[in-house]
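Pasting a predicted model and its sequence here:
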Amino acid sequence: MKKVEIYDPAMCCSTGVCGPSVDPELTRVASALYSLEKKGFNITRYQLTNNPDKFVENDAVNSVLHEEGIDALPVVLVDGQIVKLGCYPTNDELAEWFNVDLEELKEKPKVRLSIDLNSL
């Protein structure tokens with residue numbers, strides 16, 4: 001099974017729905033990765049803000065940062081090899097890497113909200 005690691009730039013969240021405006025690219029990636037993770041695929045995301053140690057520990061990512069700076073983020077690795085710099089994988093690429101149908105990556109996360117009316 002393929003292992004995908006994404007080294008994100010510094011940001012407040014990986015979903016793209018925080019801050020003053022929604023980033024549709026981050027929303028697309030978060031949704032696609034959610035669908036893949038739900039199916040049990042091996043995907044890990046590291047944020048420079050929350051996981052700076054992971055950027056230092058990975059020699060390839062550390063080298064990219066030293067040579068090209070933070071503008072090279074995100075860095076995407078498949079099975080330990082860098083496959084993308086400065087942009088996220090497309091849904092087509094994710095579908096190919098994990099051998100899934102493209103439509104499977106469009107499933108939206110479902111949020112359940114429960115309200116106890118007796119506590120109001």
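Perfect, I can see it now.

Check which element follows the worst-scoring helix or strand of the chain on mean pLDDT along the chain.
When each helix and strand of the chain is scored by mean pLDDT, DSSP states H and E, helix 24-38 comes last, with a mean of 90. Next along the chain after helix 24-38, taking DSSP states H and E as the criterion, comes strand 42-47.

what helices or strands is the helix or strand following that next one leaning on?
Using DSSP H and E, the helix or strand that follows strand 42-47 towards the C-terminus is helix 52-57. On a contact count with 3 or more C-beta pairs under 8 Å, 6 or more residues apart in numbering; DSSP states H and E, helix 52-57 meets helix 59-68. All C-beta spots, glycine's among them, are computed from the backbone N, C-alpha and C.

Tell me which other helices or strands the helix it packs on touches.
helix 52-57, strand 75-78, strand 81-85.

mind checking which of the ones you listed is nearest Leu105?
strand 75-78 (15.2 Å; C-beta to C-beta).

Touching the closest one from outside, list them.
The contact list for strand 75-78 (C-beta atoms under 8 Å, 6 or more residues apart in numbering) reads 2-7, 58, 60-61, 64, 82-85, 88-89, 97.

mind running it again at 10 Å?
Strand 75-78 has contacts (C-beta atoms under 10 Å, 6 or more residues apart in numbering) with 2-9, 44-46, 55, 58, 60-61, 64-65, 68, 82-89, 93-94, 97-98.

Narrow those residues to those that are buried.
4-8, 45-46, 55, 58, 61, 64-65, 82, 84, 88-89, 93-94, 97-98 (16 or more other C-beta atoms under 10 Å).

Surely Asn51 is in contact with Glu57?
Yes: at 9.4 Å, Asn51 counts as touching Glu57 under the criterion of C-beta atoms under 10 Å.
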